[in-house]
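> fold the following.
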Amino acid sequence: MNHLSNPCYAHGVGSINNSSIINRPRCHPSKKGGGGTGRNKNSMRTISMYLALLILSLIAQSAVAQDQGYKEEVATLKARKKEITQQEKDALKLEIQDINKRLDQKLISVEEAKILKEAAAKKRALNIENRIAIVDNEIALLERNEGKLLVLQERDSTEKTAGFEFDVKRSDGTSIFAKRQRWRRDVKYDRRTYSDLVLAIGFNNAIIDGASLGDSPYKTGGSRFFEMGWAWRTRVFKNSNFMRINYGFSFQFNGLKPKDNQIFVVNGDQTELQDFEFNLSKSKFRMDNLVFPLHLEFGPSRFWQTDEKIRYSLRNQFRVGFGGYGGFNIGSRQKLKYRNESGNRIKEKLKRDYNVSDFVYGLSAYIGVEGVLLYAKYDLSPIFENAVVEQNNISLGLRFDL
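Here you go, the predicted structure:
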């Protein structure tokens with residue numbers, strides 16, 4: 001008998017006959033199954049959560065510019081005034097020595113040497129005056145604006161269009177507008193690495209051992225996934241952008257909606273789908289993962305070069321990538337909506353272990369143009385640990401590299 005044809009598909013239960021389904025009590029979420037949550041599993045959840053928080057804190061620190069103040073910069077400029085004076089005096093000494101040497105060699109007369117020395121002294125005095133005036137103006141500008149300056153900054157884009165924009169800068173050169181700081185870096189002649197915000201959304205389901213996708217106990221349209229992360233793209237070869245390595249991190253949210261008024265119930269080290277005693281308006285199971293994707297990407301690019309930089313642009317260019325991912329499960333939960341025997345609307349959010357695999361790994365690929373890509377991923381790791389009948393998560397949707 002095909003296990004998927006049973007009205008109560010028990011994940012991880014070897015064989016289920018009709019009598020066992022009839023005699024099985026109708027389940028309620030408040031009735032917990034057996035143990036299934038060990039000390040090691042809780043430790044893994046804690047480690048995964050701390051790792052996720054660490055990554056988020058690092059992103060926040062790098063994305064939000066830190067205001068270090070301007071007083072330190074003012075103190076540095078004031079010290080520079082003394083350095084300027086000493087530097088010009090040292091330069092004048094060298095010039096005087098050179099004039100005296102020419103005089104000793106009788107290359108110039110005493111009168112000519114005197115004129116040259118006076119001219120050199122006058123030049124160095126003006127240099128000191130002008131350079132100190134520039135520093136004084138910088139100090140006055142910083143103090144008047146408390147380090148927030150308006151400057152002209154060249155735009156470093158992968159496009160040929162060049163231009164200038166105003167931006168508010170701190171004294172250390174960082175941008176006040178953190179969201180636009182991507183365009184505020186110093187122009188680098190050859191950038192081999194670029195980064196993008198990655199968003200993906202689409203349909204989610206499970207491939208069950210011994211059954212086809214069409215026999216899945218999960219709704220095709222209702223089961224969906226969402227992915228959000230950050231990816232870096234580095235070209236492999238120095239003078240060609242045809243092959244690139246795409247790597248980063250992502251948070252995956254994989255959802256499954258059971259059919260036939262069923263919910264997930266933990267029985268010991270097994271997780272089962274069982275009939276629910278009330279009519280469900282919503283039954284959704286979600287697995288949250290932190291993964292680290294790695295893809296080998298291929299595709300043409302537009303090359304252009306100026307005196308200041310060379311760039312490879314993927315605008316309107318075909319891209320295809322193959323690779324995989326590995327990471328950790330950081331949580332699993334189930335959401336239920338129904339009316340009880342009194343007719344009251346009940347909403348439950350059950351955050352439990354559900355015997356979900358701690359380590360997640362799989363294969364993924366994408367294909368498309370520029371930043372809009374068709375995206376597929378397949379978990380090689382089973383959804384549930386210790387399962388007699390394995391289920392593997394599979395997703396298909398759209399990916400956007402922004």
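> what residues of stretch 317-324 count as buried?
Under the neighbour-count criterion of 16 or more other Cβ atoms under 10 Å, stretch 317-324 has R319, G321, G323, G324 buried. Every C-beta, even on glycine, is put in place using the N, C-alpha and C of the backbone.
> same question, stretch 95-109
Residues of stretch 95-109 classed as buried: E95, I99, L103, I108 (neighbour count, 16+ other Cβ under 10 Å).
> which of the residues you listed sits closest to N205?
Checking the buried residues of stretch 95-109 against N205 with Cβ to Cβ, the nearest one is E95 at 81.9 Å.
> for the helix or strand harbouring A200, C-alpha coordinates in CSV please.
According to DSSP states H and E, A200 maps onto strand 193-208. Output of strand 193-208 as CSV, limited to C-alpha atoms (Å, rounded to 0.1, in the frame of the first residue of the first chain):
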residue,chain,number,x,y,z
THR,A,193,34.7,41.5,-6.2
TYR,A,194,31.1,42.9,-6.0
SER,A,195,28.4,42.3,-3.5
ASP,A,196,24.6,42.1,-3.7
LEU,A,197,21.6,41.8,-1.4
VAL,A,198,19.9,38.5,-2.4
LEU,A,199,16.2,37.9,-2.1
ALA,A,200,14.4,34.8,-3.3
ILE,A,201,10.7,33.6,-3.1
GLY,A,202,8.8,30.8,-4.6
PHE,A,203,7.1,27.4,-4.1
ASN,A,204,8.2,24.8,-1.6
ASN,A,205,7.5,21.1,-1.1
ALA,A,206,9.1,17.8,-0.2
ILE,A,207,10.3,14.8,-2.2
ILE,A,208,9.4,11.7,-0.2
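> could the buried residues of stretch 95-109 go into JSON lines alongside distance to D358?
What follows is the buried residues of stretch 95-109, written out as JSON lines (distance: Cβ to Cβ, whole Å):
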{"residue": "E95", "distance to D358": "74"}
{"residue": "I99", "distance to D358": "80"}
{"residue": "L103", "distance to D358": "85"}
{"residue": "I108", "distance to D358": "86"}
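> wait, which of these is closest to F303?
The closest of the buried residues of stretch 95-109 to F303 turns out to be E95 (Cβ to Cβ; 48.9 Å).
> tell me the spacing between the closest one and K106.
Distance of E95 to K106, given as Cβ to Cβ, to the nearest Å: 19 Å.
> same question, N386
For N386, the distance to K106 equals 101 Å [Cβ to Cβ].
> can you check D269 too?
Taking Cβ to Cβ, one finds D269 at 103 Å from K106.
> F303 too?
Taking Cβ to Cβ as the measure, F303 falls 61 Å from K106.
> just give me the closest of the buried residues of stretch 317-324 to K123.
The closest of those to K123 turns out to be R319 (Cβ to Cβ; 59.1 Å).
> what helix or strand does that closest one sit in?
Secondary structure from DSSP H and E places R319 in strand 318-339.
> what's the neighbour count on the nearest residue to L336 once chain neighbours are set aside?
Nearest residue to L336 in three dimensions, chain neighbours excluded: E348, at 4.5 Å (Cβ to Cβ, 6 or more residues apart in numbering). Residues near E348, counting by other Cβ atoms under 10 Å, number 14.
> likewise the one 4 residues further on?
By other Cβ under 10 Å, the residues close to R352 number 18.
> adjacent strands (with direction) for the strand holding R319?
strand 280-298 (antiparallel), strand 345-351 (antiparallel), strand 359-369 (antiparallel) (DSSP bridges).
> give the contact list for the most centrally placed residue in the chain.
Centroid check for the chain by Cα atoms, centre = their mean gives W230 as the closest residue, at 2.0 Å. W230 sits next to I59, S195, D196, L197, V198, G248, F249, S250 when contact means Cβ atoms under 8 Å, 6 or more residues apart in numbering.
> doesn't S381 fall inside a strand?
No: secondary structure of S381 (DSSP: H, G, I helix; E, B strand; the rest coil): coil, not part of a strand.
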